[in-house]
Each structure stands twice: as structure tokens, then as C-alpha cells.
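K.L.:
Let me see the structure of the following:
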Amino acid sequence: MKRVALYIWLFIAWLFLAGCATYNDESRTMRTLYAAGEFSEAKSAAEAMNRSAQGGPDELLTQLELGKCSFASADAQTAVKAFESVYENAEFFDASGTGAVDWTQAVLVNPSRLPYTGYNYDRIMAASYMGLCYIELGRKERAAVAFRRLLNYQQEAAAAYAKRIDETADALAKNRENSGAVNALASAPSVSAELARHYGNFDSYIAAKAKFTNPFAHYLTGIFLMHNFQSLSDKENAIVSLRLADAGTGALSEEIAAAQDSAHGKNAEFRTYVIYECGMACRRDQFKVDLPLWVFNRNLPGISASFPYLYKVSCNAKLEVSLDGRRIALNKIADMDDIITEEFNANLPTLIYRTLLSVVVKASAQYAGARAAGDYGVFVNLAGSLYQGIVNNADLRTWTTLPKTISVASFKTPSSMVVKINSATVKLKGKNNIIYITLPATGAPATVRTFPL
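P.N.:
Numbering: from 1, shown residues only. Alright, predicted model coming up:
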């Protein structure tokens with residue numbers, strides 16, 4: 001009896017050591033450095049994360065973080081290598097890798113221990129940064145491949161996500177025997193009130209209505225194809241992409257007019273494009289809900305479940321762009337918080353059901369194991385409850401170094417080849433240029449670099 005108790009306590013001690021860390025804990029050093037504008041140091045931290053994640057469930061996510069930190073530190077070569085590795089990963093938003101089998105496994109194990117396969121916004125932003133890196137490296141032919149890939153991703157986004165939803169529905173159908181218990185938990189007043197406090201009316205989130213479009217990706221595709229077209233279809237795609245990015249606001253009227261002139265055979269005027277990344281996108285945190293398992297089986301132990309929510313970080317950093325003493329207005333073209341929230345909400349009903357189902361399955365197995373253990377059942381219950389409490393973290397993995405917002409401006413390239421960003425003078429390098437500015441947090445220094453388009 002004493003030896004069994006010793007093994008149980010050793011098992012519990014191992015759980016405390018192995019089960020508590022979340023992705024927020026593991027990425028904190030990198031995020032802190034990035035938010036301070038110390039991009040080279042953040043890249044080093046991301047490289048260390050990626051090395052330790054090789055072959056593990058976080059490998060793809062750490063490649064995304066490494067790519068973005070490298071891009072921000074002006075190391076386009078390392079960034080390209082990281083993003084190419086992402087696309088070589090067969091599981092990157094591949095519905096066949098995220099369907100019923102993996103979903104069912106997530107009921108039995110913590111979802112954060114399954115391979116991170118990415119979201120639509122990951123896929124689209126990774127292709128966007130890859131295209132930018134190839135432009136900066138002067139490899140226009142590779143940039144063209146990235147932007148044509150990006151066009152397809154934007155068109156496929158809703159269909160790819162619908163396929164995920166269908167496979168998840170199939171997985172749910174295979175767990176009908178537990179549906180009554182899950183519904184009883186979800187409708188328990190204490191549970192439904194706590195979920196509503198964080199999520200609102202989550203039943204109203206309908207994945208089919210999500211557009212999964214990213215105006216920034218459309219904008220990049222449009223300006224690249226306008227100035228680097230290989231065919232008439234490229235010119236037409238430039239107009240379509242810029243119109244989609246503008247979404248009827250009129251903010252991109254000059255860019256659209258320039259693309260139309262190019263399509264009609266006129267020489268496109270030389271232009272300079274300012275792209276301004278402000279802040280860092282929302283990340284995930286978690287809250288715990290005590291689940292009254294007695295609502296469907298009075299013999300089951302009480303347990304809590306963890307659910308993720310989006311935590312938004314404000315950024316009030318100001319940026320001033322001026323040309324020959326004239327201020328240039330910046331237009332916010334993409335709000336990554338909104339884009340991420342849209343996809344998070346589309347996932348939410350499934351996520352809640354899966355989390356509750358996981359608790360039901362594990363608690364039922366714990367109860368059966370305790371009964372089978374006879375006199376040792378008390379230890380099985382103790383170890384099981386502690387196991388649930390320690391490792392039952394929500395999946396908090398998300399690409400944390402994405403920007404909060406992206407704003408743009410454009411103007412005819414000045415004959416002086418000089419633009420002012422705040423008090424700094426920026427020397428342009430070509431007839432058509434991109435000025436890329438990253439300001440990750442209020443109070444952090446803005447990093448500015450320019451390269452020919």
C-alpha cells in the first residue's frame with residue numbers, strides 16, 4: 001500500500017514539473033524582446049525556441065515566429081528560409097492533417113500536445129511576408145510565385161475552412177453517446193453564465209459567414225503585380241486585388257487608378273509605398289470553469305476546464321510621414337485583431353463542445369478506473385483529479401509576433417528621393433519603393449527600412 005502511494009505521489013510530482021507550462025510561458029522572452037523593438041535579440045530567442053521544438057507539436061508555430069522576428073530584424077534571408085520551411089510542412093493548414101483523427105485524439109490528450117497546424121490568417125500572412133522578403137532580396141521571380149500563391153490562398157480560405165468544419169462534424173457524430181452529458185454541462189447555469197461572460201452568445205457564431213479575407217495581402221499582391229506584371233492577367237489581378245483591399249472605402253483610389261492606367265497600356269507612374277505595422281496582435285489567455293459533473297452522473301468527481309480567450313494589447317504609437325514638408329495620411333488597411341477574432345469565433349462552438357467532451361470522457365474513465373482499483377481507488381481518484389487540474393490547460397498557441405494593425409500610404413516617388421519618417425530622413429533606393437516601418441509597442445523605437453519594388 002505504501003509503495004503504491006509513493007508511486008502515485010511521484011507521478012503527481014512529475015505532472016507538476018511537466019504539465020504546467022503554456023505557450024505564453026515558453027514564448028515570453030521572445031515576445032518581451034520583440035515588444036521592446038529588440039528584433040535581433042528576439043530572433044535569437046525564436047531560433048532557440050525553434051531548435052527545441054524540432055519534431056514536436058510546436059515546430060511549425062516557432063518557424064512562423066522565427067520568420068517574423070527575422071523579417072523585423074531585416075534578415076530577409078533567414079526569414080525566407082523559415083517561411084519556406086513552414087510551407088514544406090505537410091500539416092500547414094492541411095485539412096487531411098486536422099480532421100477527425102486528430103480531433104478525436106484531442107479529446108483524450110491536451111490539444112496543445114497535438115501538432116500546431118495553423119489558421120487561415122497564418123497561411124495568408126506567411127505568404128505575404130515571404131513575398132516581401134523576396135522583394136527585399138531582389139528575387140522578383142520568387143516573389144511572383146509567392147503572390148500568385150497568395151491569390152489562391154485568399155480564394156481558397158473559406159472552402160478550406162468549410163472542409164475543416166465538415167471533418168469536425170464527422171468527429172462529433174462519432175461521440176454521440178456523450179452528447180447528452182456535454183449538453184447537460186453546457187446548459188448548467190454556472191457553466192453557461194461563465195462562458196457567456198467571456199464569449200457572449202457563442203451560439204450566434206456561424207463559421208459559414210466568416211470571409212477569412214485579409215486586405216493587407218490583397219494590397220501587397222496588387223502593388224507588386226502592378227509594377228512587376230508578366231501578362232495582361234497580372235494587370236487585371238492587380239486591379240482586382242487593390243479593389244478588394246479598398247473594399248469600397250476610396251482610401252486606395254490613387255493606387256487603383258494607377259493600376260487601371262497600367263492595364264490600359266499607359267506607363268505606370270513611379271510610386272513609393274509606405275507600410276506601417278503598429279503593435280502586436282492579440283494573443284490567447286485562459287479562464288477556468290468549475291464543471292458540475294453531477295448533473296449527469298452523481299458519482300463523478302468535480303473538475304474544472306480551461307477555455308481560451310483573446311487578450312488584446314493596446315498600441316497608441318504615433319507615426320508621421322512627410323514629403324517636402326507635407327504630411328502624408330496613413331490609412332489603416334488591416335486590423336489583425338479583427339481578422340484573428342473572426343476565425344477564433346468561427347472555431348468557438350466546436351472548441352467549447354470538444355473541451356466539455358474531453359472532460360466527460362476523462363472523468364468517466366477516472367471513475368471506472370477507481371472502481372476497478374478497489375482499495376486503491378482513492379489514489380486513482382486523487383491522481384486523476386490532480387492530473388486533470390494540472391495538465392488541463394487551454395491551447396494558447398497563436399502567432400504572437402503578428403502586428404496589431406497595418407496602415408499604408410502611397411505617393412509619386414519624389415525627385416529628391418527623400419522621405420521623412422517622424423524626425424528621421426529616409427533615402428529611397430529605386431523608382432518604385434517600399435518603406436517598411438515596424439513599431440511593436442508604445443514607447444518602442446520605430447524601425448524603418450526601404451527597398452525597391
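K.L.:
For Leu242, give me its contacts.
P.N.:
His218, Tyr219, Gly222, Ile223, Met226, Leu252, Glu255, Ile256, Ala259 (C-beta atoms under 8 Å, 6 or more residues apart in numbering). All C-beta atoms are positioned from the backbone trio N, CA, C, and that covers glycine.
K.L.:
Any stretches of the protein with poor pLDDT?
P.N.:
Within the chain, the stretches with pLDDT under 70 are 1-20, 90-108, 158, 160-178, 201-211, 268, 296-297, 299-302, 364-391.
K.L.:
Do I have it right that Thr221 meets Tyr153?
P.N.:
No. In this structure Thr221 lies outside contact range of Tyr153 using C-beta atoms under 8 Å: 10.2 Å.
K.L.:
what about these two, which has more around it?
P.N.:
A direct count of neighbours by other C-beta atoms under 10 Å for Thr221 and Tyr153 places Thr221 higher, at 28 against 20.
K.L.:
helix/strand/coil for that one?
P.N.:
Of the three states, Thr221 takes helix according to DSSP: H, G, I helix; E, B strand; the rest coil.
K.L.:
cool, Gly430 as well?
P.N.:
In three-state terms, and counting by three-state DSSP, Gly430 is coil.
K.L.:
do the one 4 residues further on as well
P.N.:
Secondary structure assignment for Ile434 (three-state DSSP): strand.
K.L.:
residues contacting it?
P.N.:
Leu132, Ile135, Thr272, Tyr273, Ile275, Thr450, Phe451, Pro452, Leu453.
K.L.:
where's it relative to Lys362, distance?
P.N.:
Distance, Ile434 to Lys362, by C-beta to C-beta, to the nearest Å: 51 Å.
K.L.:
one step back: in helices, which of the contacts of Ile434 fall?
P.N.:
With DSSP state H as the criterion, helices contain Leu132, Ile135 from among the contacts of Ile434.
K.L.:
quick one, strands of the protein?
P.N.:
Using DSSP state E, the strands of the chain run over 271-278, 283-291, 303-311, 321-323, 326-328, 331-335, 405-412, 418-421, 424-427, 433-439, 447-452.
K.L.:
wait, which of these is closest to Gly180?
P.N.:
Set against Gly180 and scored by C-beta to C-beta, those come closest in strand 283-291, at 14.9 Å.
K.L.:
So what are the sheet partners of that closest one and their directions?
P.N.:
Within its sheet, strand 283-291 is paired with strand 303-311 (antiparallel), according to DSSP bridges.
K.L.:
Report all helices and strands that the longest helix along the chain contacts.
P.N.:
Longest helix of the chain, by residue count under DSSP H: helix 336-372. If you count contacts as 3 or more C-beta pairs under 8 Å, 6 or more residues apart in numbering; DSSP states H and E, helix 336-372 packs onto helix 100-108, helix 120-136, helix 140-173, helix 179-187, helix 189-199, strand 303-311, helix 377-391, strand 405-412.
K.L.:
residues of it that come out buried?
P.N.:
For helix 336-372, burial by neighbour count (16 or more other C-beta atoms under 10 Å) applies to 336-337, 339-340, 342-364, 366-367, 370.
K.L.:
Then stretch 397-412?
P.N.:
Quick answer for stretch 397-412 (16+ other C-beta under 10 Å): 397-411.
K.L.:
Out of these, which comes closest to Tyr87?
P.N.:
Trp399 (14.7 Å).
K.L.:
Quick one: neighbours of the closest residue to the closest one other than its chain neighbours, just the number.
P.N.:
Using C-beta to C-beta, 6 or more residues apart in numbering and skipping residues adjacent in sequence, the residue nearest Trp399 is Leu64, 4.9 Å away. Per other C-beta under 10 Å, the neighbour tally for Leu64 reads 28.
K.L.:
and the gap between Leu64 and Val86?
P.N.:
With C-beta to C-beta as the criterion, Leu64 and Val86 are 6 Å apart.
K.L.:
Over to Val145?
P.N.:
For Val145, the distance to Val86 - C-beta to C-beta - is 15 Å.
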